[in-house]
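Chemist: test case, fold it:
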Amino acid sequence: MFPQKSPPPPGYGQPPLQPYASDVSSPRIASWSSGLCDCCLDIPTCCLTFWCPCIIFGQIAEIVDKGNTSCGTHGAIYTVINLLTGCGCLYSCGNRTKMRRQYNLPEEPTNDCCVHFCCESCALCQEYRELQHRGFDMSIGWQGNMERMVPNTGVQIPPIAHGGMNR
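Modeler: Modelled structure (predicted):
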């Protein structure tokens, strides 16, 4: 008449098993190479960031974006957002989040949007210094840095001879 209920699966109602200590891995959080307010460590970058943040932001964003979008494009988008709304920090805070995740950096002293909203210039300077500390030459962009990092193997590839006149 009535369908029979199936028995509960084994372990039903029991607390979940705890993983072995060796199974639990917590990624080590690195720290920023310099503080948010250490802008005076690099006066030329500090001045450029204060007077023309679109250049510094474009350089940072191209490296963080791994060259998918050029420095000029990022800088232009940042400038347009700043001119239309005055809130370029909305664009740059997302870039800081992406950079933090790539390098496993802590979200400090507060969340990324607050850092960029309250002190845009300091945040951009800190990000610029961090990428320099990690070995990037900000003036040559992503492609230049990748070419610089590839070891010179000494192998040369001969030019390709295109078909033409035959005997």
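
Chemist: from here on, contacts and neighbour counts on C-alpha atoms
Modeler: OK.

Chemist: quick one: the residue minimising distance to the centre of the chain and V64, what's the gap?
Modeler: With distances taken as CA atoms, centre = their mean, M99 lies nearest the centre of the chain, 2.5 Å away. Distance, M99 to V64, by CA to CA, to the nearest Å: 6 Å.

Chemist: same check, this time on L84
Modeler: According to CA to CA, L84 stands 25 Å off from V64.

Chemist: which one's more surrounded, those two?
Modeler: More neighbours surround V64 than the other of L84 and V64, with 21 against 9 (other CA atoms under 10 Å).

Chemist: shouldn't the more buried one be in contact with N95?
Modeler: Yes: applying CA atoms under 8 Å, one finds V64 in contact with N95, separated by 7.4 Å.

Chemist: mind listing the strands for this protein?
Modeler: With DSSP state E as the criterion, the chain has no strands.

Chemist: mind listing the helices for it?
Modeler: 43-51, 53-64, 71-85, 89-103, 112-118, 120-133, 141-149 (DSSP state H).

Chemist: deepest-packed of the ones you listed, please.
Modeler: Among the helices of the chain, the stretch with the highest mean neighbour count (mean count of other CA atoms under 10 Å) is helix 53-64, at a mean of 24.

Chemist: tell me the angle that one makes with helix 71-85.
Modeler: With axes from the mean of the first three to the mean of the last three CA atoms, to 10 degrees applied, the angle from helix 53-64 to helix 71-85 works out at 130 degrees.

Chemist: list the contacts of helix 53-64.
Modeler: Helix 53-64 is touched from outside by 45, 48-49, 68-76, 78-79, 92, 95, 98-99, 121, 124, 127-128, 131, 138-139, 141-142, with contacts defined as CA atoms under 8 Å, 6 or more residues apart in numbering.

Chemist: and the average pLDDT for it is what?
Modeler: Averaging pLDDT along helix 53-64 gives 93.

Chemist: kindly export that helix (C-alpha atoms) in PDB.
Modeler: What follows is helix 53-64 as a C-alpha-only set of coordinates in PDB (Å, rounded to 0.1, in the frame of the first residue of the first chain):
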ATOM      1  CA  PRO A  53      47.100  59.400 -11.600                       C
ATOM      2  CA  CYS A  54      45.900  58.000 -15.000                       C
ATOM      3  CA  ILE A  55      49.500  57.300 -16.000                       C
ATOM      4  CA  ILE A  56      50.400  55.400 -12.900                       C
ATOM      5  CA  PHE A  57      47.100  53.600 -12.800                       C
ATOM      6  CA  GLY A  58      47.500  52.500 -16.500                       C
ATOM      7  CA  GLN A  59      50.900  51.100 -15.800                       C
ATOM      8  CA  ILE A  60      49.800  49.200 -12.700                       C
ATOM      9  CA  ALA A  61      46.600  47.900 -14.400                       C
ATOM     10  CA  GLU A  62      48.500  46.600 -17.500                       C
ATOM     11  CA  ILE A  63      50.800  44.500 -15.300                       C
ATOM     12  CA  VAL A  64      48.000  43.300 -13.100                       C
END
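
Chemist: alright, that wraps it up for me.
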